[in-house]
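*Asks:* got a structure for you, letters missing:
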């Protein structure tokens, strides 16, 4: 029997299981302590793997950071996936997306994480770049694709889906994003009014004539 056909020894996690454990451990460290304060040694200990294993999977700390941010933002990706798109009218779907986005960005750990990354970016611009690429820019691309699909289906008339995605997100967040950053927690009724208004303005601009 060759090695490829042998069963994996009990207690030895698969490469995918190791990768998942590493990303989960890294996510907790990065979100709790920031990029600069997190070390590969800490993540290795938390994930019960060696530093060599982490380097074999990710290459360096910045790539590990990108993978951790990508996993966290993956919690929003389903709302932009054409196969998992919420049902209902385009108004209903935009409302669900706006609500999910607001809840996702309003979590205390996300607010704190963004503060830390912004502070660390002052000393290392590449950290901010890695965050934008793995998180906000990827989510923007996914949302733009969803809007382009709605445009092709005749539900919307959008000449520039990327610009429209930015406009909707900006309106749905409103002053709430700035207020959270400075310790003010927006009320649910205010959030609902802001999102409903964003949907109204967006549809007024982009509904087919």
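*Replies:* Thanks, I have it. As the structure is a computational prediction, the values presented were derived from the model and not from experiment.
*Asks:* beyond the worst-scoring helix or strand of the chain on mean pLDDT, next helix or strand please.
*Replies:* The helix or strand of the chain with the lowest confidence, counting by mean pLDDT, DSSP states H and E, is helix 176-181 at a mean of 78. Reading on from helix 176-181 to the C-terminus, the next helix or strand found by DSSP states H and E is helix 188-206.
*Asks:* ok, and what's touching that following helix?
*Replies:* 90-91, 94-95, 98-99, 102, 106, 156-158, 164, 167-168, 171-174, 176, 186 (CB atoms under 8 Å, 6 or more residues apart in numbering). To be clear about C-beta, it is placed using only N, CA and C from the backbone, and glycine gets the same treatment.
*Asks:* which of these fall within strands?
*Replies:* Using DSSP state E, no member of the contacts of helix 188-206 sits in strands.
*Asks:* narrow those residues to those in helices?
*Replies:* Among these, the members falling in helices are 90-91, 94-95, 98-99, 102, 106, 164, 167-168, 171-173, 176 (criterion: DSSP state H).
*Asks:* in ChimeraX, how would I select the buried members of those?
*Replies:* This is how ChimeraX selects the buried members of these, with burial counted by 16 or more other CB atoms under 10 Å:
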select :90,94,95,98,99,102,106,164,167,168,171,172,173,176
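*Asks:* let me know the closest of the ones in helices among the contacts of helix 188-206 to residue 46.
*Replies:* The closest of the ones in helices among the contacts of helix 188-206 to residue 46 turns out to be residue 106 (CB to CB; 26.5 Å).
*Asks:* ok, how many other residues are close to residue 199?
*Replies:* For residue 199, the count of nearby residues is 21 (other CB atoms under 10 Å).
*Asks:* can you check residue 66 too?
*Replies:* Counted with other CB under 10 Å, residue 66 comes out at 19.
*Asks:* that one touches residue 138, doesn't it?
*Replies:* No. In this structure residue 66 lies outside contact range of residue 138 using CB atoms under 8 Å: 9.9 Å.
*Asks:* closest to residue 49 among the ones in helices among the contacts of helix 188-206?
*Replies:* Distances from residue 49 to the ones in helices among the contacts of helix 188-206, taken by CB to CB, are shortest for residue 106, at 33.0 Å.
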